[in-house]
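A.B. asks: here you go, sequence then predicted model.
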Amino acid sequence: MAETVETQTAGLSAPHVLEYPYTRSVGPVIGRFLGGLRDRKIEGIRTKDGRVLVPPAEYDPVTSEALSEFVEVGQAGVVKTWAWVSEPRPKHPLDRPFAWALIQLDGADTALLHAIDAGDESKMSTGMRVQVRWREETVGMITDIECFEPEAAS
Amino acid sequence: MSEPVVGFGAPIRLEYNYTPGSASSRYLRSIAEGRIVGQRCPNCEKVYVPPRGSCPTCAVPTAEEVELAHTGTITTFCVVNLSFYKEIEPPYVCASILLDGADIALFHLIQEVPEGREVTMGMRVEAVWVDESELAPTLESIKYFRPTGEPDASYDSYKEHL
Amino acid sequence: MREVAVVSFAQAPNVRRDTEHNEVEILSPVVREAMERSGIPKADIGFTCSGSSDYLAGQPFSFVTALDAVGAWPPIRESHVEMDGAWALYEAWVRLQHGDIDSALVYAYGKSSPGDIREILSLQLDPYYLAPLWPDAVDVAALQARALLDATDFTERDFAAVAARNRSNAKSNPNSQLAGDFDADELLSSDYLVSPLRKHDCPPISDGAAVIVMAAGDLARDVCERPAWISGIDHRIEAHGLGVRDLTTSPSTTLAAEKAGMNGNIDIAELHAPFTHQELILREALGLSESVSINPSGGALAANPVMVTGLIRIGEAAQRLIDGDAKTALAHATSGPCLQQNLVCMMRAA
Ligand SMILES: [Zn+2]
């Protein structure tokens, strides 16, 4: 009874948990990209017209041509757009205020969505440069990139 | 080139606060009182248990409540040989039970089958409830059904409900 | 093309949390109301199609149990899309083009309240590159909103003005959830939810259902004084990768409108824009002039039963034609993150 609530007149309710123990098979293109992350390098894929897609796609999103030419890109890039999360939610990648951003890495023509650990919203701006922060232990997942951080002044 | 990744584990956990609605809430509350209450369609007069609030063939609300007997007839059954719950040792029998006065069958466990008898279609059974102090708005308040010892019901009496 | 019209529309009152009814109980009176208004007997309905998502309430195959609300006996011709009901209506429209049936029942339902809708909508994102990071529905919308602010002259005040106008319109909609008079400048003083979006830039969380009855040719004329004739309907999709799209425009909306035969003469437009900035993107993509009444119902910012909101746009627009309050209408529905997929339905009276 402890799990059901409300009074006699209201509808019953009860906690209900769904768990999906999915294992994703990734295929050759995503598999190579994730393998690269495990070795702390980031690879994109080149389209016929010369654009470099990061993260890589199996097929050109415009022409649908199969793609196979991998290109290593930089580990830093430019913020194309961003959003500030002042109250992270439990499943978010960081447990402190952070930014989501679409980041165009050096040498790439498309943007990657990831988190930026910038500390404060005032540190964020469109066009700013950020660099990757690798997780201590990499396993071959997008989360091997722990997050991005504002590029260190050189 | 790096060794490609073949796959990764991506478990998903979603938490809900499930609300079964009016008809199911009334039904579950009746169970918590040691009663089984279904609903009758005003159009075709079929009695549904558990009720979902609407007659699936006539598409009209089933507002009239009908208290049902705790006895019924096994319309069909299966023998489970795999272990799904640690509380129950396989093999065991799950059955569709047409309660007396109902028009659709409930699904439940069959236990206490006397030595030398086998579960059959048409077998008459009765609900065995948990102790009154443990009654709750869940079908687990009925532990299982067991044979009553009455003669089997005739096939004609339940053939419309298979 | 065969002439097909919306002949009746009904919806449940949109509420934050309906703890009293399951999906069937929400749908059942709405189906009855739409059927009665259509004047078409249930047995004569040629095709039934629904839109919903089992993830919302965490009830696997709920679309199968939801059929209790329509009475699938004797066995009916039925189909379901795991999409907003607007796409179910599209399927029904295509089915009516076959010419062998004359009517269709379309319904959609969704209870967002049992789960965490922001999180559940993460599951529609790329499962390899995005889902493991769990960006939620508001997060990705906020990325789009910032991109729009950066690329155009629109301001956060323009966003607030969209919220204020929709919620003011919603005052005349008895089924809306969030209605009233709001001052755009006052709205701007509230905190960000996910910057640059504030709470008022986001849709309410709603439980709801809607039903549309469609009829072809003479049957439509027989049962309805002023059928809302569908003069064109089309939907288009863009790539799923957020980083490969220009989030500040909606070429799929523009193309769908063109293929649906949109021209300048529109009295009203019902736009499925759950976030304020998305209405600005859609107005631009559709080239809507100042004279068009946009979201007289209050739109998705006044009530957002996920999987139903798009179908309600078609129903609200059609109802105004059926009532004789407008001559031409555009209804729009969207699906996917950041306006990935868009449907445009053009309707006219007579
Ligand atoms: Zn009935």
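C.D. replies: Arrived safely.
A.B. asks: go through chain A and flag its longest strand.
C.D. replies: strand A:14-25 (DSSP state E).
A.B. asks: now do that strand: everything it contacts.
C.D. replies: A:3-4, B:6-18, C:58, C:114, C:127-128 (CB atoms under 8 Å, 6 or more residues apart in numbering or on different chains). Quick note: C-beta positions are derived from backbone N, CA and C, even for glycine.
A.B. asks: buried subset of those as a PyMOL selection?
C.D. replies: Filtering the contacts of strand A:14-25 down to the buried ones (16 or more other CB atoms under 10 Å in any protein chain shown) takes a single PyMOL command:
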select buried, (chain A and resi 4) or (chain B and resi 7+8+12+14+16+17+18) or (chain C and resi 58+114+127+128)
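A.B. asks: where does chain A come near chain B, residue by residue?
C.D. replies: For chain A, the contact set with chain B under CB under 8 Å from any CB of the partner chain comprises A:1, A:4, A:8, A:10-26, A:28, A:30-32, A:34-36, A:38-39, A:41, A:139-141.
A.B. asks: number of residues surrounding B:E33?
C.D. replies: By other CB atoms under 10 Å in any protein chain shown, 12 other residues sit near B:E33.
A.B. asks: A:K91 now?
C.D. replies: The burial count for A:K91: 16, using other CB under 10 Å.
A.B. asks: what residues are up against it?
C.D. replies: Contacts for A:K91 (CB under 8 Å, 6+ apart) come out as C:E119, C:S122, C:W134.
A.B. asks: mind checking the SS state of C:L143?
C.D. replies: Secondary structure state of C:L143, per DSSP: H, G, I helix; E, B strand; the rest coil, is helix.
A.B. asks: can you list the low-confidence ranges for chain A?
C.D. replies: Within chain A, the ranges that satisfy pLDDT under 70 run A:1-9, A:153-154.
A.B. asks: in it, what residue is nearest the ion?
C.D. replies: Ranked by CB to the ion, the top residue of chain A for proximity to the ion is A:G11, at 23.2 Å.
A.B. asks: counting neighbours, which bits of the longest strand of chain A end up buried?
C.D. replies: A:H16, A:R24.
A.B. asks: any idea which helix or strand comes after it?
C.D. replies: helix A:27-38 (DSSP states H and E).
A.B. asks: show me what that following helix is packed against.
C.D. replies: Packing partners of helix A:27-38 (3 or more CB pairs under 8 Å, 6 or more residues apart in numbering or on different chains; DSSP states H and E): strand A:42-46.
A.B. asks: contacts for the longest helix along chain B, please.
C.D. replies: Counting by DSSP state H, the longest helix found in chain B is helix B:22-32. Here helix B:22-32 makes contact (CB under 8 Å, 6+ apart) with A:1, A:8, A:10-12, B:20, B:36-39, B:49-53, B:62, B:65, B:67, B:135-139, B:141-142, C:20-22, C:25.
A.B. asks: likewise for stretch C:115-128?
C.D. replies: Applying CB under 8 Å, 6+ apart, the contact partners of stretch C:115-128 are A:22, A:24, A:26, A:30, A:34, A:89, A:91, A:142, B:10, B:12, B:14-16, C:55-58, C:130-131, C:134-138, C:140, C:205, C:240-241, C:306, C:336-337.
A.B. asks: so for that stretch, what gets flagged as buried?
C.D. replies: Across stretch C:115-128, burial judged by 16+ other CB under 10 Å covers C:115-122, C:124-128.
A.B. asks: and C:N304, how many residues sit next to it?
C.D. replies: 25.
A.B. asks: also B:Y155?
C.D. replies: Neighbours of B:Y155 under the rule other CB under 10 Å: 11.
A.B. asks: only C-alpha atoms, please: export the longest strand of chain A in CSV.
C.D. replies: C-alpha atoms of strand A:14-25 as CSV (Å, rounded to 0.1, in the frame of the first residue of the first chain):
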residue,chain,number,x,y,z
ALA,A,14,2.2,3.8,-8.7
PRO,A,15,5.9,4.0,-9.5
HIS,A,16,6.7,2.3,-12.8
VAL,A,17,10.3,1.8,-14.1
LEU,A,18,11.2,0.8,-17.6
GLU,A,19,14.7,-0.4,-18.3
TYR,A,20,16.1,-1.2,-21.8
PRO,A,21,19.4,-3.0,-21.6
TYR,A,22,20.3,-2.1,-25.2
THR,A,23,23.6,-2.9,-26.8
ARG,A,24,24.2,-0.8,-29.9
SER,A,25,26.1,-2.3,-32.8
